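J.: No sequence on hand, only this structure:
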């Protein structure tokens, strides 16, 4: 193998030797998931479809694939700093070795004709190799002088973990009670929560419930959340910040029993600079009627404990996430939310009730028994007679999950009040969905609850046929 390609591959331990000839084993990775590897022999570059080749950068280490996007961002910025007023853009290039296709990510300039573009070569095992795209070896050598400086800067910044300040806006959303508001400032899970003085009015997202009403207006009391995310670039940091926001809303939902909605996701500066408060565009709405004073909610200590445990305990985090997303759709799709609430209780009940195996069909049974046991733990002071209506909710859950049956009037936009008979959809929502949700919340609030592994029936459909 000629040129620096062989030296690079040998330095990285990627080459195979056979009778003195080097053979590059380029195990093409996740950008071309259908290809396991492509072998090159006696070639100094990877051939692209446009006639150019990908030449390696000597002495450069391989990079984990999850750092590739961050490196390209840093490299684009560093290129502009080193080569003044010369910006680069990103695109994908395709190549082929015999019948094997592969892809590389290219950085090139639109301002001038560079002798070579920068390329990231995806390798199997979630690794990336550095290369240059050029017409020949001579042009690649010229390109190295252009790209080595910016690449050094980019790698230096990649290794430095930066702290990015972010801010977001969240609010508790109530549908069956007066508006709610956080009672005071909190420091929860390392995040700073500050109630905002201005309420926010909007059309209610839930189905109308009044007499022939076409819509309602609700008042929200937002909370400004600030935090920080540590990462090597702002794009990855924002993903982490958004995860923190959702985790916070999930913990607050468990702590307060009210659904917390993200009104504005995390905002941050690209270069790790604080965001001035004046630059945060806040949601605003016109308040046109008198409102009852909000119910004050306390987030501690349950919220802080839940926030930490959601991050540390995968099983507990999955249950809290199911609760949070079920609350998000409860007021528009109560029957679907009901399935999730029952599933949470069923899973928690697995701590006390083991699944049995049916000797006839081999399926596992006992899911309904787990559900009933969880209800007993959530409402220990209730009598068996008081819990009986809730225990029967498992049958309605099964009809929704397996037959698509809906019980909360999702097929109606409104209803007519009748003072002489009850509405079965209201009974399902207020006497079924809401108590089941509160049972799930009570058990998730119980941090004495031991850590456990989630266990599911092997065949859920058949398990429901054996509710005993």
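T.: Cool, got the structure. Given the structure is predicted, the values throughout are model-derived calculations rather than measurements.
J.: what ranges do the strands span in the stretch 351-468 of the chain?
T.: Applying DSSP state E, counting those that start in this stretch to the stretch 351-468 of the chain gives strands spanning 356-357, 364-365.
J.: could I get those strands as CSV with mean neighbour count, distance to residue 182 and mean pLDDT?
T.: The C-beta positions use only the backbone N, C-alpha and C, and glycine is treated the same way. As requested, these are arranged in CSV below (neighbours: other CB atoms under 10 Å; distance: least, CB to CB, whole Å; pLDDT from 0 to 100):
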stretch, mean neighbour count, distance to residue 182, mean pLDDT
strand 356-357, 14, 46, 82
strand 364-365, 20, 44, 80
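J.: Residue 87 is nearest to which of those strands?
T.: Minimum separation from residue 87 across these (CB to CB) falls at strand 364-365, 60.4 Å.
J.: re earlier: can you lay out the strands of the stretch 351-468 of the chain as TSV showing distance to residue 372?
T.: TSV is the format used below for the strands of the stretch 351-468 of the chain (distance: least, CB to CB, whole Å):
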stretch	distance to residue 372
strand 356-357	15
strand 364-365	13
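J.: And these: which comes nearest residue 235?
T.: Each of these has some distance to residue 235 by CB to CB; the shortest is strand 364-365, at 44.2 Å.
J.: Can you tell me the strand partners of the closest one and which way each runs?
T.: strand 356-357 (antiparallel) (DSSP bridges).
J.: Give me the contact list for stretch 252-263.
T.: Contacts to stretch 252-263, defined as CB atoms under 8 Å, 6 or more residues apart in numbering, come from residues 168-174, 180, 188, 200, 220, 222, 245-246, 248-250, 283, 297-300, 302-303, 306, 320, 323-324, 327-328, 330, 438, 441, 444-445.
J.: Of the residues you listed, grab the buried ones for ChimeraX.
T.: Buried residues among the contacts of stretch 252-263 (16 or more other CB atoms under 10 Å), as a ChimeraX selection:
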select :168,169,170,171,172,173,174,180,188,200,220,222,245,246,248,249,250,297,299,302,303,306,320,323,324,327,328,330,441,444,445
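J.: re the thing from before, of the strands of the stretch 351-468 of the chain, give the one that comes closest to residue 226.
T.: Of these, nearest to residue 226 by CB to CB is strand 364-365, at 47.2 Å.
J.: Check the offset of that closest one from the chain's centre.
T.: 32 Å (CA atoms, centre = their mean, to the nearest Å).
J.: got it, and stretch 112-125?
T.: Using CA atoms, centre = their mean, the offset of stretch 112-125 from its chain centre is 30 Å.
J.: before we move on, the earlier item: right, and the strands of the stretch 351-468 of the chain - which one's nearest residue 411?
T.: Checking the strands of the stretch 351-468 of the chain against residue 411 by CB to CB gives strand 364-365 as the closest, at 32.7 Å.
J.: Need the nearest residue in space to residue 89, chain neighbours excluded.
T.: residue 110 (5.9 Å; CB to CB, 6 or more residues apart in numbering).
J.: An error on my part: the question was meant for residue 153.
T.: Using CB to CB, 6+ apart, the closest residue to residue 153 is residue 78 (3.8 Å).
J.: Tell me the first helix or strand C-terminal of the helix or strand hosting that neighbour.
T.: Using DSSP states H and E, the element containing residue 78 is helix 68-82. Proceeding N to C from helix 68-82, the next assigned helix or strand is strand 88-97, under DSSP H and E.
J.: tell me which residues in that next one are buried?
T.: 88, 90, 93, 95, 97.
J.: Now the residues you listed in TSV, please, with extra columns for pLDDT and distance to residue 401.
T.: Below are those laid out as TSV (pLDDT from 0 to 100; distance: CB to CB, whole Å):
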residue	pLDDT	distance to residue 401
88	81	52
90	83	45
93	79	47
95	76	48
97	65	49
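J.: Residue 46 touches residue 131, doesn't it?
T.: Yes - contact criterion CB atoms under 8 Å: residue 46 and residue 131 qualify, at 7.5 Å.
J.: Stretch 218-228 spans what distance, first to last residue?
T.: Terminal residues of stretch 218-228 are spaced 31 Å apart (CA to CA, to the nearest Å).
J.: do the same with stretch 46-62
T.: End-to-end distance of stretch 46-62 (CA to CA): 17 Å.
J.: Need the phi and psi values for residue 322.
T.: phi -60, psi -40 (degrees, to the nearest 10).
J.: contacting residues around it?
T.: So residue 322 contacts 340, 343-344 (CB under 8 Å, 6+ apart).
J.: export these to JSON lines and tack on neighbour count?
T.: Shown next, in JSON lines, are those (neighbours: other CB atoms under 10 Å):
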{"residue": "340", "neighbour count": "23"}
{"residue": "343", "neighbour count": "21"}
{"residue": "344", "neighbour count": "24"}
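J.: Restricted to helices, list those.
T.: When DSSP state H is applied, these are split such that 340, 343-344 fall in helices.
J.: Next, the contact list for the closest residue to residue 62 other than its chain neighbours, please.
T.: Nearest residue to residue 62, sequence neighbours excluded (CB to CB, 6+ apart): residue 127, at 4.6 Å. Taking CB under 8 Å, 6+ apart, we find residue 127 in contact with 29, 62-65.
J.: in the sheet, who's paired with residue 127?
T.: residue 64, residue 123.
J.: Name the residues that touch the host helix or strand of residue 156?
T.: According to DSSP H and E, residue 156 maps onto helix 137-159. By CB under 8 Å, 6+ apart, the list of residues contacting helix 137-159 from outside reads 3, 44-45, 53, 55, 57, 60, 67, 70-71, 74-75, 77-79, 81-83, 114-118, 130, 132, 134, 232-233.
J.: got the angle between that helix and strand 88-97?
T.: Note on geometry: by axes from the mean of the first three to the mean of the last three CA atoms, to 10 degrees, helix 137-159 and strand 88-97 are set 120 degrees apart in direction.
J.: Could I get the average pLDDT for helix 137-159?
T.: For helix 137-159, mean pLDDT is 87.
J.: now stretch 423-439
T.: pLDDT averaged over stretch 423-439 gives 85.
J.: so how far does that stretch reach from one end to the other?
T.: Start and end residues of stretch 423-439 are separated by 23 Å (CA to CA).
J.: in it, what's buried?
T.: Neighbour-count burial for stretch 423-439 [16+ other CB under 10 Å]: 425, 428-429, 432-437, 439.
J.: From the contact counts, what lies against the lengthiest strand in the chain?
T.: Across the chain, the longest stretch assigned as strand under DSSP state E is strand 162-173. For strand 162-173, the contact count by 3 or more CB pairs under 8 Å, 6 or more residues apart in numbering; DSSP states H and E identifies strand 180-182, strand 217-220, strand 223-231, helix 234-256, strand 259-268 as packing neighbours.
J.: That strand pairs with which strands, parallel or anti?
T.: Strand 162-173 has its sheet partners listed here by DSSP bridges as strand 223-231 (antiparallel), strand 259-268 (antiparallel).
J.: what angle do the first one and helix 68-82 make?
T.: With the same axes, to 10 degrees as the criterion, the two stretches strand 223-231 and helix 68-82 enclose an angle of 80 degrees.
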